[in-house]
Structures are given as C-alpha cells and as structure tokens.
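> no sequence for this one, just the structure:
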Ligand code: 1GP
C-alpha cells in the first residue's frame, strides 16, 4: 500500500481476488487474480497466480487512478468485519507508534488510522506516518483533525464532514480547505459522514457537536441517510474516545438497516464482548484506540477481539 502514484495509468485495469482462493485479498503472499487489462486497445484477460507481496501487486498492477483502499475495504467486507487500529501521534513517540502497529498487525487488525481529535502538529503527524508506513503492509489512513494536517505519506485520508456539528467549519469548511491539497498530493479520499453520539467525549466538545441522544436512533438514522444521499462512502458513528460504554446497539442496528454503505463504529470498545455486540448490531468496521494504547499485550487482545467480531458477524448474517 506504499508509494501510491497515479502517473503510470493504464487505459483500463480490473483486478479481482479469486473467489476460490480462501485467502482472498487478505493474503500477503499468494494471490490468484482474474486480470483484465486493455493494452493499446486490446483486452487481455486471464488468471494469474502472483506470488509476491501485496504492496508490490498493488503498485505494479493497480498503480493507476483507482481507489485502492476502497477496493481493499470492500474486498475484505465480503469476508467479514474489519478492525481498525487508531494511533494518536500525540500520545506516544513515532517509534512507539510503529511498535504498536506491528503488534496490532500481528493481532489481525486490518487498517491503521493515524490522527487525533486535538490538532496534532504537522511534523509529529509526518514522523508518525513515516514510522508507521515502514512498520506495516496494511493500509495507513489519515484521520485529520483539520485541513492543516494533511500528508502524502499515507494510502488514504478520511474526508470528513462532522455532520451533527453546529460549526460550519467542521461540517464542510475544513473539508473544502483540504480538497485542493488532497488532490495535489494524490492521496485517496474516503468520504465519511461522521456522526457523534452522546457522550462524545473530546470530539463532542471540540467539534461543537449537537450530540445524538443515546435513546433516540431516529436522529442518527436521519444523518446516516443524509450521508448516503450525499454520496458519501461511509457512515462513522463515534461515541468518543475513552467513553465508558460503546454506542447502544439500537442506534447501530437502526443505522445499519437504513443505509447500504459500510457503517464504522468507534468509541469505548475495549472488550471482545462489546466488539461482538457492536458487530452483531450492524457495525461493519470497528475502530479502537484506547485498547492499543493501554494494553500490555496488544497482539493477543486483538486476536481475541477480532475472533469475537467474526462470531458477531456470523450470527448477524446467518443467525
Ligand atoms: C475512534 O474514538 C474512537 O472512533 C476510539 O475510541 O479510544 O475508546 O477506542 P477508543
């Protein structure tokens, strides 16, 4: 997922993971791809077994103008829920962040999100992104606190509208300010309708949020549907970092039933049981930050949590 470039752009390229191969897109060693490519007007098709690392495949075959991270996420979601590890560069130095990421990858996490609610300064974000990118093959995505902390050292960036903020800067102005820079850096934007549910913790305060009440799923549904109608890629239900309880299942379930786009849920998820319940109620992707920051054995905690998420997913799909 490193060194994304749009320069060598083929006229058409379509790569799908082979459904018969049990590893699918998650495998970093062997891929069986159905490749279709136009070369000088001729379409060449065929199955190819590629026995190299995932990043090389993506760089060599998908190096054009494609949504690599979106493809990765949607491919993974065919198989099960995704776990996302949030790294806040303000909480530790880049070397420690890289170590946490290595452990999280061993534990089975699928995506690394780097950012924080408070304005992380730009050098700190850059240093952390560089250290983290070297440490992992997983997609590294920026979670920006503002338009001032954007970097090309990542595979993608969450392109956020904090939909239930009272402050127009967080609803759209920061996104507008960031747009030209994102385009220049050629970093993949993942558009996100970010909806903060009570208690909201720091992001609720800093973002001047009109919090979604925990006992009224209908308001969350309105915002989530609005996000989908605006054409956004994801809905992100945020309870706030470090809160005692995750977002209530009723809210997640109502949102999941209302929209077709993937639903991301974060805030207060620290146990396998809460992760399982969050997925069972409809989360497609779970974000955890505090768990990785405060845990002595990240690898085994994440293994356990991801196994529980998969149980919740199976129960949701097949009862
Ligand atoms: C990301 O704010 C969350 O959505 C992270 O929350 O720190 O409670 O895991 P935790």
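Received, thanks. Quick caveat, the model's predicted, so the values are computed rather than measured.
> okay, CA-based contacts and neighbour counts for the rest of this
OK.
> quick one: least confident helix or strand in the protein?
Least confident element among the helices and strands of the chain, by mean pLDDT, DSSP states H and E: strand 13-17 (a mean of 38).
> list the buried residues in stretch 107-118.
For stretch 107-118, burial by neighbour count (16 or more other Cα atoms under 10 Å) applies to 107, 108, 109, 110, 111, 112, 113, 114, 115, 116, 117.
> kindly report the same for stretch 210-226.
For stretch 210-226, by 16+ other Cα under 10 Å, it's 210, 211, 212, 214, 217, 219, 220, 221, 223, 224, 225, 226.
> give me phi/psi at the nearest residue to residue 259 once chain neighbours are set aside?
Among residues not flanking residue 259 along the chain, residue 225 sits closest, at 6.1 Å (Cα to Cα, 6 or more residues apart in numbering). With angles defined as degrees, to the nearest 10, residue 225 sits at phi -70, psi -40.
> the one 10 residues further on now?
Residue 235 adopts backbone torsions of phi -110, psi 130, taken as degrees, to the nearest 10.
> again with residue 249
Dihedral pair for residue 249: phi -60, psi -30, per degrees, to the nearest 10.
> and for it, the neighbour number?
19 (other Cα atoms under 10 Å).
> doesn't residue 279 make contact with it?
No - counting by Cα atoms under 8 Å, residue 249 stays clear of residue 279, with 9.0 Å between them.
> just checking, what packs against the helix of greatest length in the chain?
Of all the segments of type helix in the chain, defined by DSSP state H, the longest one is helix 298-318. Contacts defined by 3 or more Cα pairs under 8 Å, 6 or more residues apart in numbering; DSSP states H and E place helix 298-318 against helix 94-106, helix 272-280.
> who's in contact with the shortest one?
The set of residues that contact helix 272-280 without belonging to it, under Cα atoms under 8 Å, 6 or more residues apart in numbering, is 81, 246-247, 249, 252, 265, 269, 285-286, 304-313, 315-316.
> enumerate the residues of the stretch 151-300 of the chain near the ligand.
Residues of the stretch 151-300 of the chain found near the ligand (Cα under 6 Å from any ligand atom) are 238, 240-243, 266-269, 287-291.
> same list (the residues you listed) but as TSV, adding pLDDT, secondary structure and neighbour count.
Compiled in TSV, these are given as follows (pLDDT from 0 to 100; DSSP: H, G, I helix; E, B strand; the rest coil; neighbours: other Cα atoms under 10 Å):
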residue	pLDDT	secondary structure	neighbour count
238	98	strand	25
240	97	coil	24
241	96	coil	23
242	95	coil	19
243	97	coil	18
266	98	strand	25
267	98	coil	26
268	97	coil	23
269	98	coil	28
287	98	strand	26
288	98	strand	23
289	96	coil	22
290	95	helix	19
291	93	helix	20
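> which pLDDT does the model give the nearest residue to residue 138 once chain neighbours are set aside?
Nearest non-adjacent residue to residue 138, counting by Cα to Cα, 6+ apart: residue 111, 5.8 Å away. On pLDDT, residue 111 comes in at 98.
> drop anything exposed from the contacts of helix 272-280.
Using 16+ other Cα under 10 Å as the burial test, these include 81, 246-247, 249, 252, 265, 269, 285-286, 304-306, 308-313 as buried.
> pick out the most distant pair among the buried residues of stretch 210-226.
Farthest-apart pair in these is 214 and 226; separation 19.2 Å (Cα to Cα).
> any idea how far residue 268 is from residue 275?
10 Å (Cα to Cα, to the nearest Å).
> flag the shaky bits of this structure, pLDDT-wise.
Low-confidence segments of the chain, defined by pLDDT under 70, span residues 1-65, 117-119.
> could you chop it up by domain?
Using automatic domain parsing, the domains assigned to the chain come out as 13-65, 72-318.
> most packed of those domains?
Ranked by mean neighbour count, the domains of the chain are led by domain 72-318 with a mean of 20 (mean count of other Cα atoms under 10 Å).
> returning to that earlier point: okay, the buried residues of stretch 107-118 in a markdown table with secondary structure next?
What follows is the buried residues of stretch 107-118, written out as a markdown table (DSSP: H, G, I helix; E, B strand; the rest coil):
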| residue | secondary structure |
| --- | --- |
| 107 | coil |
| 108 | coil |
| 109 | coil |
| 110 | coil |
| 111 | strand |
| 112 | strand |
| 113 | strand |
| 114 | strand |
| 115 | strand |
| 116 | coil |
| 117 | coil |
